[in-house]
Every structure is written in C-alpha cells, then in structure tokens.
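Pasting a predicted model and its sequence here:
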Amino acid sequence: LLEGVRLVEDALSQGLVVDAVFITPHLLDSTERGRDLARYLRQLPVPLFEISERHLTLIADTETPPGIVVVGALPADQASLPEPNAPGLGALVLDQVRDPGNIGGILRTAAAAGIRQVVSTQGSADLWAPKVVRAGAGAHFRLVLHPARPLGDVADWLARWPQRVLADGRARATIYDIDWQLPTVLLLSNEARGASSWLADFDCAHVAIPMAAGTESLNVAAAAAVILYEARRQTLHQVR
C-alpha cells in the first residue's frame, strides 16, 4: 500500500505496476499536484474507486489519510543474492532489525548513498510493511530488496565476500579503520540484542562509530547513515 501524493508519484516514476487506486476527491483535489496525479491515474486501465474519507481511513495505515491509497504489485523475489563482483560497499544486511521506522530510514539512506542491494534475515521486520514504505520515502523503488532470507542462504552467501564488516558499538576498531573500497558487505544487527550468535562463525571486521564519552549509542538508522557515508566518502575520494 502506498499512501500520499509524493510517494505515489515517486513509485510511478520508477515503473510501479498499479493494481488499484482509492481516492477521496475533496482531499486529493485540494492541491495542484493532487489534481494532476488524479488526472493521470484516471487514464490508467486499472480500477479506481472514489470513496469517503471515513472509508479511506479503513484502508489506509495512517490515522489521517492523505486522500490517496494505491495498491501496487510487489516485485518478484530475486532467486539469488548478489555476487561480490565489484569494489566498494556492495550490499547491506539487516539481521533481526525489527523497528519499521528504523528500517525505512536505513533504506532511504542506503539509496541516497548509492547502495543497491539490501538483504534482511528472517526475524527482521517486513521490508514492505506500510510503515517501512512510508519511512523509506521512495527508496524501495531504487533498491533491490531480498527480504526475510533464511539464515542458511545468507550464511553461504556471506562466506563468498572478501570483506564482511559488522557494526558493533563495543569494538575497538572504528569505521575509519576499514578500507571500504574492497568488495564489502555491511551487517547491521538488532540494536538492543546485538549481533546474532550465528554471525560468530564468520570472520567479520567489528567496527564502532567513535563517540564522545558519556553519550548514548546511536540507534541503528542513525548509525547506518554515518557508516554508509564514510564508505561513500572513501569511494568518492578514490574517484577524484
């Protein structure tokens, strides 16, 4: 489910296949962008339903619907995980990350930082949950997502990467000690429980974000942003 003019516009620009449209005309027509979007959607060969604000509330995930809800087709699951065949940070793994808002924020930052591949393990929040999609602000349509992959599949795939980096607030090494120009996969774990026990079988570089004494640890979305942009900084520096 996609809610709101901006998110629907973004999804359509990235080729979303629309299955159905629900609109509340007096809400959607209150802005020029809303009117333009409604005009475009009416031309599509898909069911379009004009319903009351009260009924839209029953469909939408938000308490105050923005006047439009679009049902879109989920992309087909990728049969295989991406191969580590290029230099730089090539993929991101979310292991047991369960907060939808955090996941959406991570996906948004990943897309902005040029990451294409995101893998989540079973036990993480659904990458396509409505709250995740809203927090992602269109990032879903710029990424290749591999949701809820079995641990065995992820473990076999991780073993093929030349460099595995695990974010760990207790680590002595920092994110600035890593050569992010090597083919690398970054692992982010549940911020309350830490890394899952199955990751102990891998030779991972444990790295922390250096923080001022006495400060609280960053949540996983904020930490991801710092790490992803250090990796991007190194890549941009190399290009120049």
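That came through fine. Numbering: from 1, shown residues only.

Tell me which residues are up against the longest helix along the chain.
Criterion DSSP state H: the longest helix present in the chain is helix 220-239. The contact list for helix 220-239 (Cβ atoms under 8 Å, 6 or more residues apart in numbering) reads 88-89, 92, 97, 99, 101-103, 105-106, 109-110, 113-115, 167, 175-176, 178-181, 184, 186, 188-191, 207, 209, 217-218. For the C-beta atoms, the positions are set from N, CA and C on the backbone; glycine is no exception.

of those, buried ones?
Burial by neighbour count, 16 or more other Cβ atoms under 10 Å: within the contacts of helix 220-239 this picks out 88-89, 92, 97, 99, 102-103, 105-106, 109-110, 113, 115, 167, 175, 178, 180, 184, 186, 188-191, 207, 209, 218.

Might you specify the subset of those located within helices?
Checked against DSSP H, the buried ones among the contacts of helix 220-239 include these in helices: 102-103, 105-106, 109-110.

I'd like to know which of these is nearest to Leu12.
Nearest to Leu12 out of those is Ala110 (Cβ to Cβ; 21.5 Å).

low-scoring pLDDT stretches of this structure, where are they?
238-240 (pLDDT under 70).

In it, mark out all the strands, start to finish.
2-3, 18-23, 48-50, 68-72, 89-95, 117-121, 144-149, 163-167, 184-189, 205-207 (DSSP state E).

tell me, what residue is most central in the protein?
By Cα atoms, centre = their mean, the chain has its centre lying nearest to Leu107, at 2.3 Å.

Enumerate every residue touching it.
With Cβ under 8 Å, 6+ apart, Leu107 has these contacts: 118, 127, 132, 135-136, 139-140, 143, 145.

quick one: buried residues of stretch 150-166?
Under the neighbour-count criterion of 16+ other Cβ under 10 Å, stretch 150-166 has 154, 157-158, 161, 163-166 buried.

which residues are contacting it?
81, 83-84, 93, 119, 121-122, 178-179, 182-187, 189, 195, 198-199, 201-207.

Also stretch 7-23?
2, 33, 37-38, 40-41, 44, 46-51, 56, 59, 67-73, 133-134, 137-138, 140-142.

so how far is Leu41 from Glu50?
According to Cβ to Cβ, to the nearest Å, Glu50 stands 11 Å off from Leu41.

What is the neighbour count of Ala135?
When neighbours are defined as other Cβ atoms under 10 Å, Ala135 has 20 of them.
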